[in-house]
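Asker: build me a model:
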Amino acid sequence: MALTVLATYITVAIIAVLPTAVFHLWLTRWDRFPAFLTPIMACAGTCFLGYIAFWAFFFRAAAGFTFTAMVLASSIVLLWRARSGLKGFWQTSDFQTVLTLSLLIGGGYIGILCAPRMHEDPQSLAGNRFLPNMPPDNQLPRFFAERLETDQSPRHLFGDWNSSDRPPLQSGLILLLGAPLRLLKVDNENIGFAAGLWFQLLWVPALWALLRAVGATNGQAVAVVALTACTGFGLFYSVYTWPKFGAAAFVLGGVALILVSARQNFVWATALFGLAHLSHGGADFSILAGAVFLVAKRFRPAPREFAASILVAGILVAPWLCYQKYYDPPGNRLLKMHLAGVSPIDSRGLLATLRDSYSAIGWRGAWQNKWENIRQIFSDSFLHLTDLNMSPARAYARKDKEFFCFFRALSVAIFALIAMPLTAWLAARIHGVGDRLLANATMVTAWALLTLLLWALIMFGPGTTFIHQGSLAPLLVLFSIPSLFILICSRWWFILLALAQFISFVTTWWPVPPGVSAKHSSISLTVGLFCLAGLAWCVRSTKKFPEATVPGDGLPQKLA
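Answerer: All right, here's what the predicted structure looks like:
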């Protein structure tokens, strides 16, 4: 099973690389963005094609298959015509590094996922392997795509859920990337998983772009991305393919664009935010918190760019809003559930539902709900980090806490976050880090914390701020930025942090849940160890990378 899933994932990655490489070449020749931003921008271009594919299939399956064939054929033709420059492009661009990291991390995750022989399709296994009794939310994008490709009505998608409750972007990617595999008679479950895994792993180029935009060197970005891969949230939210990591990736990419130059890139950042909204509504908390960037003068866009960004967002989102309102109404059930505490479908509008729900509990009840939401974010004891018992029951209890509790999910890196004021001061005073890096890191960290605050205040509650009901962007930021400062201060400190994190990761996420009897596959172990060795080699080779250029400055600055 591991080899089948791995082969499907690599095939989907190759198919996705074709249009992504075309977009990357165009962006490189346009020379508008720094090299570290072009991978996530090129991936966003491919996802936009997936969005168009969704609407083509919605119109008619034949139109959708025609569109996907045209995309793949034109990508091959354009790459063939540009073949003379591909070798130099591959050797000098960030695309090679990001693609290598994505393939190694994806392969390692597949090895861990398929290690126990549980004889299930990969999407079902993704839940039962780690946290049994998970809902089939990770399969809903595939169900949506299957309806469209067979010209069936997608209304009433699953149980009492409508298709309008599930954003369309991941379904569009499954349709775009899976069409060639359907000709080879590959199972829909494997196609849905592989395309979903590729989409969730967009956090790799997005986090790469954010770290480099903050001011990290190439080598530092590789090390921090590799460390982030060795986390429970990195593993679970990648292989359990509901579209939360893909949404977080576009948010991080948009923030990276703003850090580099808000005045020039605000429209493009808004386009990425629009794709994030079309991936998963939880990203909206981070998008709303993005207003914090407008506090700093250098991040404020010009009036023309701000107006253009509103137009771009409207063009992207308006078709889906019309689908929700007119084709498969009401389309606001999840909003009512999370923001007003009302789950069943009713005829009231969102504002009326909010008014009725808050009137019922009063000001005191509302404040109590918000306080419980904040407490949930900080819940659980960090003494559990010292528990390295790999028994199924003890490991499952730790997984459960890391799945639900935000700061507990940071695992060992919580100590790096607590020490961040000290490590930032040491980085500035002793290691010569420039003001731009400190300012960028401070702004990004403040944005992540503001996201958490808005999340707690907007959710109806009480105690409903579980990780999977919000944005995953703050999780990536509050893990990676403190880890970056640890690395800047001392390579040995970072090695100790990485060793402690890896031990916590293995002892918590490797064991199968209680009551599951499964032998381990030697092939899966080999795949996982090979990918782990590849990641270690990437980190070890970081000294070969050139020094970073701080965004906004014209001169290279050594940071470590």
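
Asker: scan the protein for its longest helix.
Answerer: The longest helix of the chain (DSSP state H) is helix 244-279.

Asker: any idea of the mean pLDDT in that one?
Answerer: Helix 244-279 shows a mean pLDDT of 93.

Asker: now that helix: buried residues?
Answerer: Neighbour counts using 16 or more other CB atoms under 10 Å place 244-262, 265-279 of helix 244-279 among the buried residues. For the C-beta atoms, the positions are set from N, CA and C on the backbone; glycine is no exception.

Asker: what lies in contact with the following helix or strand past that helix?
Answerer: Remark: after helix 244-279, the chain's next helix or strand is helix 284-289, criterion DSSP states H and E. By CB atoms under 8 Å, 6 or more residues apart in numbering, the list of residues contacting helix 284-289 from outside reads 248, 251, 273, 276-277, 447-448, 450-451, 453-455, 458, 470-471, 473-474.

Asker: in helices, which of those residues appear?
Answerer: 248, 251, 273, 276-277, 447-448, 450-451, 453-455, 458, 473-474.

Asker: so which residue is smack in the middle of this protein?
Answerer: By CA atoms, centre = their mean, the chain has its centre lying nearest to Phe245, at 2.4 Å.

Asker: so what's the residue lying closest to it once chain neighbours are set aside up against?
Answerer: In this structure, Phe245 finds its nearest non-sequential neighbour in Gln200, 3.9 Å apart by CB to CB, 6 or more residues apart in numbering. Listed by CB under 8 Å, 6+ apart, the contact set of Gln200 reads 237-239, 241, 243-246.

Asker: just put these in JSON lines and tack on distance to Arg429.
Answerer: Formatted as JSON lines, the contacts of Gln200 follow (distance: CB to CB, whole Å):
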{"residue": "Tyr237", "distance to Arg429": "37"}
{"residue": "Ser238", "distance to Arg429": "38"}
{"residue": "Val239", "distance to Arg429": "42"}
{"residue": "Thr241", "distance to Arg429": "44"}
{"residue": "Pro243", "distance to Arg429": "43"}
{"residue": "Lys244", "distance to Arg429": "38"}
{"residue": "Phe245", "distance to Arg429": "36"}
{"residue": "Gly246", "distance to Arg429": "39"}
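
Asker: and Trp492, how many neighbours does it have?
Answerer: 9 (other CB atoms under 10 Å).

Asker: so where's the stretch 251-400 of the chain shaky on pLDDT?
Answerer: Scanning the stretch 251-400 of the chain for pLDDT under 70 picks out nothing.

Asker: all helices for it, in order.
Answerer: 284-289, 303-322, 333-340, 350-377, 392-404 (DSSP state H, counting those that start in this stretch).

Asker: which one of these lies closest to Ala2?
Answerer: Nearest to Ala2, of all the helices of the stretch 251-400 of the chain, is helix 392-404, at 21.1 Å by CB to CB.

Asker: give the next helix or strand downstream of the closest one.
Answerer: Using DSSP H and E, the helix or strand that directly follows helix 392-404 along the chain is helix 406-409.

Asker: how far away from the center of its chain is the very next helix or strand once past that following helix?
Answerer: Downstream of helix 406-409, the first helix or strand assigned by DSSP H and E is helix 413-418. In terms of CA atoms, centre = their mean, to the nearest Å, the centre of helix 413-418 is found 21 Å from the chain centre.

Asker: how about Ile523: what's its closest non-neighbour residue?
Answerer: The shortest distance from Ile523 to any non-neighbouring residue, by CB to CB, 6+ apart, is to Ala2 (5.2 Å).

Asker: repeat for Ala397
Answerer: His384 (7.9 Å).

Asker: any idea how many residues pack against the one you found?
Answerer: Here the count is done by other CB under 10 Å, and His384 has 16 residues near it.

Asker: contacting residues for it?
Answerer: Counting by CB under 8 Å, 6+ apart, His384 makes contact with 397-398, 401, 408.

Asker: ok, it to Gln501 distance?
Answerer: 14 Å (CB to CB, to the nearest Å).

Asker: kindly report the same for Glu402.
Answerer: 12 Å.

Asker: beyond the helix or strand of the chain with the lowest mean pLDDT, next helix or strand please.
Answerer: When each helix and strand of the chain is scored by mean pLDDT, DSSP states H and E, helix 86-92 comes last, with a mean of 65. Next in sequence after helix 86-92, counting helices and strands by DSSP H and E, comes helix 94-113.

Asker: which of the residues in that next one are buried?
Answerer: Quick answer for helix 94-113 (16+ other CB under 10 Å): 94-95, 97-113.

Asker: so where's the stretch 1-150 of the chain uncertain?
Answerer: 87-92.

Asker: switch to 80 and redo it
Answerer: By pLDDT under 80, the low-scoring segments of the stretch 1-150 of the chain are 84-93, 118-119.

Asker: quick one, helices of it?
Answerer: Using DSSP H, counting those that start in this stretch, helices in the stretch 1-150 of the chain cover 2-30, 38-59, 61-81, 86-92, 94-113, 122-128, 140-149.

Asker: mind listing what the residue nearest to the centre of the chain touches?
Answerer: So Phe245 contacts 199-203, 237-238, 472 (CB under 8 Å, 6+ apart).

Asker: closest to Met420 among the residues you listed?
Answerer: Leu472 (19.8 Å).

Asker: with Gln200 as the reference, measure out to the closest one.
Answerer: From Leu472 over to Gln200 (counting by CB to CB), the distance is 10 Å.
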